[in-house]
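K.L.:
everything below, folded, please.
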Amino acid sequence: MSIAVQSLKKEYGQQTAVNNISFSVNQGEIVGFLGPNGAGKSTTMKILTGYLQPDGGKALIAGIDVTQNPIATKSRIGYLPESNPLYYDMYVREYLQFMAEIHGIADKNNRINAVISQVGLSPESHKKIGQLSKGYKQRVGLAAALIHDPEVLILDEPTTGLDPNQIIEIREVIRSLGAKKTILFSTHILQEVEAVCNRVIIINKGNIIADSNLKDLQAHHSKPVIRVQFKEALEAQWLERTITSLKVLRKLSTHEWELEAADPAEAKKQLLSLSVEQNLNIVSLQSSDQSLEDVFRSLTNS
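P.N.:
Model prediction:
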């Protein structure tokens, strides 16, 4: 296993940030590490990368304990922290050469050219880092994390602050890297997880509350959802009172509702009957499973 976490614990004073969690990630897996703010994601990642010491348990990279042999584990990890600290006065190639020298890479120029191409930095590689857009700064951070060709990548909010086009570009880079490397990354953009990850770990209040592939997670936790749009404006209380088998999940507009029903087919029949009895006009009526966002909200709010 490339990453192994065993009964890991971290406390800040009287607050438990990470509460005896365990999980593992194998080579070739891209795992989304999800949770609300303050759930323990960044703390876990900082322990894995050697920036924090745990108060209990173990964190291993390629079978090596990060606290017992930090140099060996760090040589196997590429880390892109959320803050992405960069030297803005340095040129892109100058900065990557500096990072290559820190890692003791012999053939620096060829390796720098390789990572520049790998992360799509070529058009901007002649510039100072401070002149780059946020998207290209993220690419520089990713290139620095890759410069020593690590087997494990740990990415903390790699697309924070990027525009939609930049998010897609970084997403494609991560997906391509996942073919050969182990990737653990946190994000609040759940569409990214659905597009990139083959597995999800959800942490909440320091505890692992879900760990499975996306299909199993949604199949196990998702509930059927009905989306109905009326021509008329209605109230949630009236809908729930009139059809007791329905639960209003959210109001999409004054005319459109997202409803939860144990039996979607029966609920659709009741909605159609209601429209006839009350002289209402249904514009659209469809059922689907809950999205990953819905599942996430359900798990972390309970």
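K.L.:
show me the strands in the stretch 201-302 of the chain, by range?
P.N.:
207-212, 224-230, 246-251, 256-261, 282-289 (DSSP state E, counting those that start in this stretch).
K.L.:
which one of the ones you listed has the poorest average confidence?
P.N.:
Comparing mean pLDDT over these, the weakest stretch is strand 246-251, at a mean of 72.
K.L.:
strand partners (parallel or antiparallel) of that one?
P.N.:
With DSSP bridges as the test, strand 246-251 is paired with strand 256-261 (antiparallel).
K.L.:
look up the pLDDT of the most centrally placed residue in the chain for me, please.
P.N.:
Centre of the chain computed as the mean C-alpha position; nearest residue by Cα atoms, centre = their mean is residue 187, 3.3 Å away. Looking at residue 187, its pLDDT stands at 84.
K.L.:
the strands of the stretch 201-302 of the chain: which one's closest to residue 237?
P.N.:
When those are compared by Cβ to Cβ, strand 246-251 sits nearest residue 237, at 8.5 Å. The way it works is simple: take the backbone N, C-alpha and C, and place the C-beta from them, glycine included.
K.L.:
quick one: contacts of the closest one?
P.N.:
With Cβ atoms under 8 Å, 6 or more residues apart in numbering as the test, strand 246-251 has contacts from 225-226, 236, 239-240, 257-261, 267, 270, 294.
K.L.:
now the helices: where do they sit in the chain?
P.N.:
Ranges of helices in the chain, per DSSP state H, are 41-48, 70-74, 92-102, 108-118, 134-146, 164-177, 190-196, 214-221, 236-242, 264-277, 292-301.
K.L.:
got TSV for the strands of the stretch 201-302 of the chain, with mean neighbour count and distance to residue 106 too?
P.N.:
Shown next, in TSV, are the strands of the stretch 201-302 of the chain (neighbours: other Cβ atoms under 10 Å; distance: least, Cβ to Cβ, whole Å):
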stretch	mean neighbour count	distance to residue 106
strand 207-212	17	40
strand 224-230	19	56
strand 246-251	16	57
strand 256-261	19	58
strand 282-289	13	52
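K.L.:
can you redo the ones you listed as TSV with distance to residue 171?
P.N.:
Output for the strands of the stretch 201-302 of the chain, formatted as TSV (distance: least, Cβ to Cβ, whole Å):
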stretch	distance to residue 171
strand 207-212	21
strand 224-230	26
strand 246-251	27
strand 256-261	27
strand 282-289	23
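K.L.:
of those, which is nearest residue 115?
P.N.:
Nearest of the strands of the stretch 201-302 of the chain to residue 115, taken as Cβ to Cβ: strand 207-212 at 31.3 Å.
K.L.:
the closest residue to residue 146 other than its chain neighbours: how many residues sit nearby?
P.N.:
Spatially, and ignoring its direct neighbours in sequence, residue 146 is nearest to residue 115 (4.9 Å; Cβ to Cβ, 6 or more residues apart in numbering). A count of neighbours around residue 115, defined by other Cβ atoms under 10 Å, yields 22.
K.L.:
bridging residues for the closest residue to residue 246 other than its chain neighbours?
P.N.:
Counting by Cβ to Cβ, 6+ apart, the nearest residue to residue 246 once its immediate chain neighbours are dropped is residue 259, at 4.9 Å. Taking DSSP bridges, one finds residue 226, residue 248 as the beta-bridge partners of residue 259.
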